[in-house]
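Participant: no FASTA, just this:
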């Protein structure tokens with residue numbers, strides 16, 4: 001196949017990042033973008049040497065080989081269906097739909113038409129997570145007795161975003177739930193969650209928490225602790241620790257880790273911490289677009305399948321329910 005022509009729907013913060021990565025990916029020769037804000041779409045396209053069209057219909061009729069969806073969550077189902085109906089591979093940011101109930105008809109639609117769809121859980125393309133998965137699969141860790149996952153923002157997003165995000169577990173920890181399933185090959189069957197609000201009281205007023213913890217039980221009895229916060233002043237912190245009977249590893253422990261040791265003479269980490277998720281996972285986001293290009297050419301890789309994204313969302317739903325009720329919740 002000659003150089004690919006990709007279409008991008010949505011040029012907000014995530015969309016612009018994807019657009020930049022697309023034009024920098026070898027083997028992708030052309031990009032066409034569309035957004036409800038036609039002026040912004042034209043500005044982004046001009047800055048990247050890409051093309052802009054006025055709507056999704058025009059985007060799908062422009063001869064694209066694949067569609068990248070980076071719009072708001074509410075538009076994901078419609079655009080995924082449109083791409084599948086057009087007979088082209090689709091890459092969509094997570095989640096598939098605003099909730100699991102709305103996701104199920106989309107999964108059916110994809111299956112009935114043999115659609116090729118992948119969902120943006122970028123940690124599956126992160127070098128550290130890939131090495132942890134390899135080490136576990138190779139038996140280097142033995143059996144796991146504990147998993148600890150951390151996702152902490154340096155500063156919270158606007159309260160207006162949190163009001164529609166679905167909650168901290170659905171917005172942030174869903175990535176941890178996905179990588180735990182992906183890395184271990186096990187299902188999370190029960191979640192017990194707690195949360196707190198010690199920051200901006202407006203976060204609580206829109207029904208969210210700024211810090212949360214979930215104790216997850218996997219189907220083989222392994223325990224995993226997933227924590228998240230909007231107020232990690234030390235920096236953006238994403239880590240995954242696997243403790244096994246034969247060895248232990250930690251993803252995210254590098255010179256830019258957002259913590260410091262209190263032990264005498266220890267200077268690690270030496271670098272400045274990451275401040276945003278886009279910075280922390282810049283390489284993984286670039287790898288996503290390269291993997292999507294490979295998928296269009298028929299080479300499958302580690303990109304998240306829609307049914308796996310929905311499975312992670314089920315866990316997030318259970319965590320939100322447990323947070324609200326104060327009791328452990330079985331994952332449906």
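Facilitator: The structure has been received and is ready for your questions. Keep in mind that this is a model prediction, so the values were computed, not measured.
Participant: make it CA atoms for all contacts and neighbour counts henceforth
Facilitator: OK.
Participant: Report all helices and strands that the strand or helix carrying residue 5 contacts.
Facilitator: Element membership of residue 5, judged by DSSP states H and E, is strand 4-9. The contact analysis (3 or more Cα pairs under 8 Å, 6 or more residues apart in numbering; DSSP states H and E) places strand 4-9 against helix 13-23, strand 28-34, helix 56-60, strand 66-69.
Participant: Doesn't residue 189 belong to a strand?
Facilitator: Yes - under DSSP: H, G, I helix; E, B strand; the rest coil, residue 189 falls within a strand.
Participant: pLDDT below threshold where in the stretch 51-200 of the chain?
Facilitator: Applying pLDDT under 70 to the stretch 51-200 of the chain picks out no residues at all.
Participant: Could I get the full set of helices for it?
Facilitator: 56-60, 76-85, 100-112, 127-137, 159-162, 168, 174-184 (DSSP state H, counting those that start in this stretch).
Participant: from the ones you listed, which stretch is densest packed?
Facilitator: Highest mean neighbour count among those (mean count of other Cα atoms under 10 Å): helix 168, with a mean of 23.
Participant: Let me see the residues that make contact with it.
Facilitator: 208, 209, 210, 211, 212, 228 (Cα atoms under 8 Å, 6 or more residues apart in numbering).
Participant: Do I have it right that the third one meets residue 203?
Facilitator: Yes - Residue 210 is in contact with residue 203 according to Cα atoms under 8 Å; the separation is 6.9 Å.
Participant: Between those two, which contacts overlap?
Facilitator: residue 197.
Participant: got the contact list for the most centrally placed residue in the chain?
Facilitator: Among the residues of the chain, residue 121 comes closest to the average C-alpha position under Cα atoms, centre = their mean, at 3.3 Å. Residues near residue 121 by Cα under 8 Å, 6+ apart: 93, 94, 175, 178, 303, 304, 309.
Participant: on that earlier part again, out of the helices and strands packed on strand 4-9, flag the one nearest residue 144.
Facilitator: Nearest to residue 144, of all the helices and strands packed on strand 4-9, is helix 13-23, at 34.6 Å by Cα to Cα.
Participant: Name the residues of that closest one that come out as buried.
Facilitator: 15, 16, 17, 18, 19, 20, 21, 22, 23 (16 or more other Cα atoms under 10 Å).
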